[in-house]
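>>> Show me how the following folds:
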Amino acid sequence: MTESINAGTNNTIVLEADKLTKRYEDGVLALDELSFTIKSSEIYAMLGANGAGKTTTINLFLNFIEPTSGEARVMGIVTHKEPLLAKEKLAFVSENVMLYQNFTAIQNLDYFAKLGGKKNYTRDDYRNVLLRVGLQEEAHNKRLKGFSKGMRQKCGIAIAILKDAPAILLDEPTSGLDPKAGYEFIQLLDNLRSEGKSILMSTHDIFRAREIADTVGIMNQGKLVMQAGRDELTDKDLEQLYMKYMAGHMEAAA
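This next block holds a predicted model:
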């Protein structure tokens, strides 16, 4: 059973999981009747160990896989029934950003922006968004094959911003970022929230989740076992809750 404390006052629901369930062909139940909502201008951080169901949830919203039952909705659009329409409302940044290694940062932004139907951006637009995500100007015209993981991550986030979708999905977005870049990224998320974006973020970083998220959910074995608003939790509370549920996960696995 999920412990629940409601967060947020904006009534526009952008992302919604409604009894979302995924059982794979080998019988593994990856997601078990997951339900939550994310409203406009809200950030939802989903915590959990590997295999808890976080990435499966994101993949269902993106229609990379189809649910066994239940629905994932974006602006009321059921993702597995109208996948192309739903994807127009979504931007996505994976943990391992897949971009063209022989393209420069500017060239990657230009290619993916045009692929998404955004054909009016200028070189200055690309430069400004790369600076916004913290990529230094001297790297803008360098090929990505020489970039660190954190630098590629910044390019992926820049592409998501250029899509200008109402919802952004982030899978381990602070992975590969140094402390300074991690702090800058949190500030960027705060800015995106102020612009009305709805953000679903899967992460292992409980302290950054506590710092930026309006709502924090803990996943365990495909279930949402705890959900609370940021104001209801201190860093210590969240750490203790996380360890409590992870201890239960390890006992069940044993």
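>>> Please tell me how far the nearest residue to residue 62 once chain neighbours are set aside sits from residue 29.
The shortest distance from residue 62 to any non-neighbouring residue, by Cβ to Cβ, 6 or more residues apart in numbering, is to residue 92 (6.0 Å). For glycine as for every other residue, the C-beta is placed from the backbone atoms N, C-alpha and C. Distance, residue 92 to residue 29, by Cβ to Cβ, to the nearest Å: 24 Å.
>>> which of the two has more neighbours?
residue 92 (21 against 15; other Cβ atoms under 10 Å).
>>> partner residues bridging the more buried one?
According to DSSP bridges, the residues that bridge with residue 92 are residue 169.
>>> what's it in contact with, if anything?
Listed by Cβ atoms under 8 Å, 6 or more residues apart in numbering, the contact set of residue 92 reads 58, 62, 160, 168-171.
>>> how about the strands of the chain, start to end?
3-4, 13-23, 29-39, 43-47, 69-74, 77-78, 90-93, 167-171, 198-203, 215-220, 223-229 (DSSP state E).
>>> Save the ones you listed as TSV, and put in mean pLDDT too.
Listed next are those as TSV, based on pLDDT from 0 to 100:
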stretch	mean pLDDT
strand 3-4	40
strand 13-23	97
strand 29-39	97
strand 43-47	96
strand 69-74	97
strand 77-78	98
strand 90-93	94
strand 167-171	95
strand 198-203	95
strand 215-220	93
strand 223-229	91
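>>> Could you dump the contacts of residue 92 into JSON lines with neighbour count and distance to residue 25 added?
Below are the contacts of residue 92 laid out as JSON lines (neighbours: other Cβ atoms under 10 Å; distance: Cβ to Cβ, whole Å):
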{"residue": "58", "neighbour count": "21", "distance to residue 25": "20"}
{"residue": "62", "neighbour count": "19", "distance to residue 25": "20"}
{"residue": "160", "neighbour count": "25", "distance to residue 25": "31"}
{"residue": "168", "neighbour count": "24", "distance to residue 25": "31"}
{"residue": "169", "neighbour count": "24", "distance to residue 25": "25"}
{"residue": "170", "neighbour count": "26", "distance to residue 25": "28"}
{"residue": "171", "neighbour count": "22", "distance to residue 25": "23"}
